[in-house]
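[1] From the sequence below, what's the structure:
(one chain, ligands or ions: 1)
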Amino acid sequence: MCGIVGYLGEKKATDVILSGLEKLEYRGYDSCGVSFFSNIDNQFITYKDKGRVKHLVEDFNYSLVNHLGIGHTRWATHGKPNQVNSHPHFSRSERFSIVHNGVIENYKELTAKYLPHMKFISETDTEIIANLIEHFTHDLSVEEAIRKTLSLIEGSYALLIIDTTTPHKLYAAKNKSPLLIGVGTDGITLASDVMALIGHAQYYYPIEDKTFTSVTKQANGKYTYELFDIIGKPVTFKLLKIDMVLDEIGKAGYSHFMLKEICEQPSVIRKIMSKYMENDTFFVSPSILSMFEGIDRVYIIAAGTSMHAGFVGKHLLENMPKIPCEVFIASEFAYNPPLLVDNPLFIFISQSGETADLRACLVNVKEQGYKTLTITNVATSTLAREADAYLEIYAGPEIAVASTKAYVGQIVILTILAYLLAPRKPFDLHLELSKVAVSMEAIIDKRDYIHELVKEKITKRNCFYIGRGIDYFTCLEAALKLKEISYIQTEGFAAGELKHGTIALIEEGVPVIAIISQSAINNNTRANIREVTARGANKLVISLENVSDVTDEIILMDVHQLLTPLVTVIPTQLIAFYSALDLNKDIDKPRNLAKSVTVE
Ligand code: F6R
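    Numbers count the residues shown, from 1 in each chain. Model (predicted):
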């Protein structure tokens, strides 16, 4: 996780870096820091501390002219979030200042071998990098010392490096963690995410693994950049145009990104439809559809919310084209894979496209020669680039840590895929997805009513979601959303399973939220609601019109029975949002979490 930004150019570097760090704060926000070169007195200045970027911006002085700098926003992996462990870190003599996103797996071995007597200042694995570079510069040039260090370190890294003796240069390198080089008319920006490049670069390039970059201000005032592989061979690459605008990453008048993103979901559905239609029919590249030919089974690999979308995807693939499908938690599959069928197809579902648990699986199954397809919101991400093919979600940047619109987007993509693969089309997809968007709008418009329900019902430290079949998958997602932003302990449960133990936790006033979207399970889930209300639970039922009861608290406009997860999830997102709001929690940046989980 962690977000990094570096700049060398005509603009004030700290302006570019601090505004970039604000946009990257979703990647980690327990501490942050910046190093920059002050042109006035030729000094390197570093400010860093525990806490948010806002604090870094407001509490320090950036009035000095500066054109070179690096910054970091952290999600702690080694050592507590505190001032000392915050980045940038320095080498022993303070010649090198570096920021790092990733985990160096062999830092202890490297310390023992190369710097056995070194006393490190912080508890991080990053300091070893700065010190190794300095150590090797005793015999090598700076670039050779950096490359030598890169050849030794194992693990993941996106690194920005400043040599304080050459303030006209900025170095960077990457392996596994994302790093982009952004090229503008007046300078070069390096960042973990394209969002931090907007406004400063017109073109960008996602740097490949084990690649090293040096950016230089030449004597003629021009900014040049070169890419090399780890042995110093120049790498050729093609710049891509940045087509995102600043508006897409603002709150657009909403109090929180999460609320904005919840409200955007009907338009996300419509956008995906427009992106995946050609001449009035749904379209996915034939080369992607042909990946399904001759396969025995689809394995969906994902984590968290994306895994819940995967469960819905399994239901869709097994019900429309009737392709057997299994869903796996990425971190489990990576080291404990099941016995695979002879002809599998792997689908990786990831909003960010950077989740390290998934990448470990992708690398592994690619090594075995299996076919891989990524479904992601970030077309330039590692998982998109490294799989055989990818499908883009087009949900637009999702900034709130809790995923909402990307989840819905993932399910829509899986729906389109399942639909196109089905030999007999079970419905008119355009019509049915349009109904979904309308049903979503109707409930989003009633959000004040949901807020009132939350005040009345969500009054305890724990909560349950119950449902059967496809509704159970929504319960898992609903529970994750509520717990991650409100910190109310919530479990998503198969309604029929509750009585086999967990019902012991039901006591007076405990909220039990039931989801009912299918007629086949309507009576059964309602029996389970009676069981819990008889034991004091405070029930809240979310149903669709055709299976509703007059006593249900939230009734949604009907949609096709295979598409109900797209609408039943909306009130659960709003329940999570308003519960967290009333508890005064930091909704967009919940504690201990980060948006992009780039460590295993
Ligand atoms: C929860 C949430 C996480 C992510 C998970 C995987 O709201 O967002 O559970 O779904 O960390 O992330 P991606 O989808 O980026 O692979």
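
[2] Count the residues that sit near Asn523.
    Close neighbours of Asn523, defined as other Cβ atoms under 10 Å, add up to 11. The way it works is simple: take the backbone N, C-alpha and C, and place the C-beta from them, glycine included.

[3] Now do the same for it: helix, strand or coil?
    helix (DSSP: H, G, I helix; E, B strand; the rest coil).

[4] And the pLDDT at it?
    pLDDT, Asn523: 96.

[5] Quick check: it vs Ile470, distance?
    Using Cβ to Cβ, to the nearest Å, Asn523 is found at 16 Å from Ile470.

[6] for stretch 577-597, what is the average pLDDT?
    With pLDDT averaged residue by residue, stretch 577-597 scores 92.

[7] Any residue of that stretch touching the ligand?
    Yes: Stretch 577-597 reaches the ligand (Cβ under 6 Å from any ligand atom) through Val597.

[8] May I see the buried residues of that stretch?
    577-581, 585, 587-590, 593-597 (16 or more other Cβ atoms under 10 Å).

[9] and of those, the nearest to Ile323?
    Using Cβ to Cβ, Val597 comes nearest to Ile323 of the buried residues of stretch 577-597, at 28.6 Å.

[10] Pretty sure that closest one sits in a helix.
    No: per three-state DSSP, Val597 lies outside any helix segment and is coil.

[11] start to end distance for stretch 195-202?
    End-to-end distance for stretch 195-202, by Cα to Cα, to the nearest Å: 12 Å.

[12] who's in contact with that stretch?
    3, 5, 7, 9, 11, 16, 19-21, 23-24, 180, 182-185, 187-189, 191, 204, 241-242, 244-246, 249, 397 (Cβ atoms under 8 Å, 6 or more residues apart in numbering).

[13] cool, stretch 482-493 as well?
    By Cβ under 8 Å, 6+ apart, the surrounding residues in contact with stretch 482-493 are 258, 401-402, 458, 460-467, 472, 475-480, 502, 572, 575-577, 579-580, 583, 585, 587, 590-591, 593.

[14] Nearest residue to the residue in the chain positioned nearest to the ligand in space, please, no chain neighbours.
    Closest contact between the chain and the ligand, by Cβ to the nearest ligand atom, is at Gly304 (1.9 Å). With sequence-adjacent residues excluded and distances taken as Cβ to Cβ, 6 or more residues apart in numbering, Gly304 is closest to Leu480, at 6.6 Å.

[15] ok, the one you found to Tyr47 distance?
    Leu480 sits 36 Å away from Tyr47, going by Cβ to Cβ.

[16] Write out the residues of the protein neighbouring the ligand.
    Going by Cβ under 6 Å from any ligand atom, the residues of the chain near the ligand are 303-306, 350-352, 355, 358, 402-403, 480, 484, 597.

[17] quick one: which of those residues is most hemmed in?
    The member of the residues of the chain next to the ligand that has the most neighbours, counting by other Cβ under 10 Å, is Ser350 with 34 neighbours.

[18] Would you mind splitting the protein into its domains for me?
    Annotated domains of the chain cover 3-248, 252-426, 445-600 [automatic domain parsing].

[19] Relative to the whole chain's centre, how far out is the shortest one?
    Put plainly, it is domain 445-600. Domain 445-600 has its C-alpha centroid displaced from the chain centroid by 23 Å (Cα atoms, centre = their mean, to the nearest Å).

[20] Over to stretch 427-442?
    From the chain centre to the centre of stretch 427-442 is a distance of 27 Å (Cα atoms, centre = their mean).

[21] buried sites along it?
    Buried residues in stretch 427-442, counted by 16+ other Cβ under 10 Å: Leu429, Glu432, Leu433, Ser434, Lys435, Val436, Ala437, Ser439, Met440, Glu441.

[22] Would you mind writing the ChimeraX command to select the buried ones in the contacts of stretch 195-202?
    Selecting only the buried entries of the contacts of stretch 195-202 in ChimeraX, with 16+ other Cβ under 10 Å as the criterion:
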select :3,5,7,9,11,16,19,20,21,23,24,180,182,183,184,187,188,189,191,204,242,249,397
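
[23] Cross the contacts of stretch 195-202 against helices and list the overlap.
    Of the positions in the contacts of stretch 195-202, Val16, Ser19, Gly20, Leu21, Lys23, Leu24 sit in helices, assigned by DSSP state H.

[24] In space, what's closest to the last one - neighbours in sequence excluded?
    Looking back up the chat, that one is Leu24. Gly3 (2.8 Å).

[25] Kind regards, and thank you for your time.
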